[in-house]
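>>> okay, predicted coordinates and the sequence, questions at the end:
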Amino acid sequence: MNAMTFAAYTALMLAGCSLAVWAAAALAPVRIRPGKPHGKRRR
């Protein structure tokens with residue numbers, strides 16, 4: 001694995017992680033209400 005492939009892979013992983021964090025932050029207040037334990041998303 002050369003430096004270019006490693007850099008591209010790292011950038012892709014960082015983009016995926018940031019997208020997952022953004023999606024979780026956007027969906028968490030809508031899906032999960034604090035004080036009401038659902039247990040469907042989180043076991």
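Received the coordinates, thanks.
>>> for this protein, what are the low-confidence residue spans?
1, 28-43 (pLDDT under 70).
>>> break down it into its helices, ranges please.
3-31 (DSSP state H).
>>> residue 13 versus residue 23, what's the distance?
The span separating residue 23 from residue 13 equals 16 Å under the rule C-beta to C-beta, to the nearest Å. (C-beta placed from N, C-alpha, C; glycine too.)
>>> so how many other residues sit close to residue 5?
9 (other C-beta atoms under 10 Å).
>>> do the same with residue 24
Neighbour tally, residue 24, other C-beta under 10 Å: 11.
>>> and it, what does it touch?
Under the criterion of C-beta atoms under 8 Å, 6 or more residues apart in numbering, residue 24 has no contact partners.
>>> what's the neighbour count on residue 10?
10.
>>> I'd like to know how far it sits from residue 2.
In terms of C-beta to C-beta, residue 10 sits 13 Å off from residue 2.
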